[in-house]
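Novice: Take this sequence and fold it.
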Amino acid sequence: MSGPVNEFYRFPPRNGVPAGRTRTGRGAPHEPPIVGVIYNPRSHRNRGADLEVAERPNVHLAQPEGREAIAEALSDFASRGIDYLIVNGGDGTVRDVLTAAQHVFGDDWPALAVLPKGKTNALNVDLGAPAGWNLCDAIDAFPRGRRVVRRPLSVCPVEGDADPMLGFIMGAGGFTLGVRAGQDAHRMGAFDSLAVAVTSAWGVLQGLFGSDGNVWRRGAQMEILLGDAREPLEHAGNGYEGRRAVMLASTLHRFPAGLKVFGKYREGLKLTAMDRPGRRLLAAVPAILAGWSPGWLDSAGFHVRQVDRFELDIADRFILDGEAFPPGRYRVEQGPELEFVVP
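Specialist: Modelled structure (predicted):
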């Protein structure tokens, strides 16, 4: 995740797939792909690097300022029939690009690549792309690189006509506080997995030694309804009824710093929620994040589920790939299958 924690504002209305869109692509194996690059100059590791690739005749580079400009740039790329979309920015940039792109590309997405140019780059950790990967490397990897399929989270307000948002890590309660603490870690010079480790350790210490009124222990008021049947996620009854200290959902397979947030390996949409934790549970959190999954966790208030979809009714802000979104009722499920190129 990258950038500050900002308040949500609506994405532009869906424009639909541009008329006449065709995937011209490579006419022969030796022909280069048509490439579109969304380049975020504000991302932590960009600062004008790699811009010379825009001189290549098959590469179209845009540096959009804001979400509406992203949608316009993607529509232009689609009209050119791009085969390959490269997102040069952090997890927040990826979220904004994918959210806008779902209405531009419909069911016909180009191959994608993501460069680790933000501050934590959780998606890149999962995909296994090298930390030093640059635009030239990503373009050259198109014909010979590995293809990795991932499905983002689709987060959509239940009421109103706002568009779904596509991202990979959603969290609330202590997770929201952790992202804010992560910004402090960034200012102190900690990035990527180091920042995740620092903020995770800080959250555990706050929970262990903080008072009952500590915001890290209090959590957020929320209701979680699982699946089509909308079955309420059980609550262990610890502390404030209806509050969860932490909620986290993701479709990623691997997390920064080697954290095993959902225990044993699981594909698809995964959800974990922790009720107000007792000292025993908090003391076990480091082992739990390392993959330990004893049988007493559910009864102690640490719940892990694999679901097709769930509904979240939350009275506080939540985080999607580093940005804060307002309270409300949201439907969360898996988004489209996307093919990412990695070396």
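Novice: list the contacts for G301?
Specialist: G301 sits next to H235, A236, N238, M274, D275, R276, P277, G278, L281 when contact means CB atoms under 8 Å, 6 or more residues apart in numbering. (Glycine included, C-beta is placed from N, CA and C.)
Novice: from these, which is closest to G132?
Specialist: M274 (35.8 Å; CB to CB).
Novice: That closest one - how many residues pack around it?
Specialist: M274: 26 surrounding residues under other CB atoms under 10 Å.
Novice: In terms of pLDDT, where does it sit?
Specialist: M274 carries a pLDDT value of 89.
Novice: partners of it in the sheet?
Specialist: V246, F302 (DSSP bridges).
Novice: Distance of it relative to R244?
Specialist: 6 Å (CB to CB, to the nearest Å).
Novice: tell me, what's touching these two both at once?
Specialist: Common neighbours of M274 and R244 (CB under 8 Å, 6+ apart) are G173.
Novice: got a list of what S293 touches?
Specialist: Counting by CB under 8 Å, 6+ apart, S293 touches G263, K264, V304.
Novice: which of those tops the neighbour count?
Specialist: Among those, V304 has the most neighbours (other CB under 10 Å), with 19 neighbours.
Novice: one step back: sort out for me which of the contacts of G301 are in helices.
Specialist: L281 (DSSP state H).
Novice: now, among the contacts of G301, which is nearest to F255?
Specialist: M274 (16.0 Å).
Novice: Show the buried residues in the contacts of G301.
Specialist: Using 16 or more other CB atoms under 10 Å as the burial test, these include H235, A236, N238, M274, D275, R276, P277, L281 as buried.
Novice: Tell me where this structure has helices.
Specialist: 67-79, 91-105, 122-127, 135-140, 174-187, 192-209, 215-218, 279-289, 297-300.
Novice: Where among those is average confidence lowest?
Specialist: When I compare the helices of the chain, helix 192-209 is least confident, with a mean of 47.
Novice: Return the item of the contacts of S293 having minimum pLDDT.
Specialist: The minimum pLDDT among the contacts of S293 falls on K264, with 81.
Novice: Identify the residues contacting that residue.
Specialist: G291, S293 are the contacts of K264 under CB under 8 Å, 6+ apart.
Novice: From Q306, how far off is it?
Specialist: K264 is 10 Å from Q306, by CB to CB.
Novice: again, but for I169
Specialist: Distance from I169 to Q306, by CB to CB: 16 Å.
Novice: so what's L281 closest to, chain neighbours aside?
Specialist: Distances taken as CB to CB, 6 or more residues apart in numbering place A300 nearest to L281, at 4.7 Å, with adjacent residues excluded.
Novice: Can you get me a residue count around that neighbour?
Specialist: A total of 17 residues lie near A300 under the criterion other CB under 10 Å.
Novice: give me every residue that touches it.
Specialist: A236, N238, P277, G278, R280, L281.
Novice: and of the residues you listed, the nearest to R218?
Specialist: Closest to R218, out of all of these and judged by CB to CB, is P277, at 11.2 Å.
Novice: Was I right to think the closest one contacts H303?
Specialist: No: using CB atoms under 8 Å, P277 makes no contact with H303, being 11.7 Å away.
Novice: List just the nearest of the contacts of S293 to D228.
Specialist: V304 (19.9 Å).
Novice: For the closest residue in space to the closest one that isn't next to it in sequence, list the residues it contacts.
Specialist: If the residues on either side of it in the chain are set aside, V304 comes closest to T272, at 4.8 Å by CB to CB, 6+ apart. T272 makes contact with V246, M247, L248, A249, V261, F262, F302, H303, V304, R305, according to CB under 8 Å, 6+ apart.
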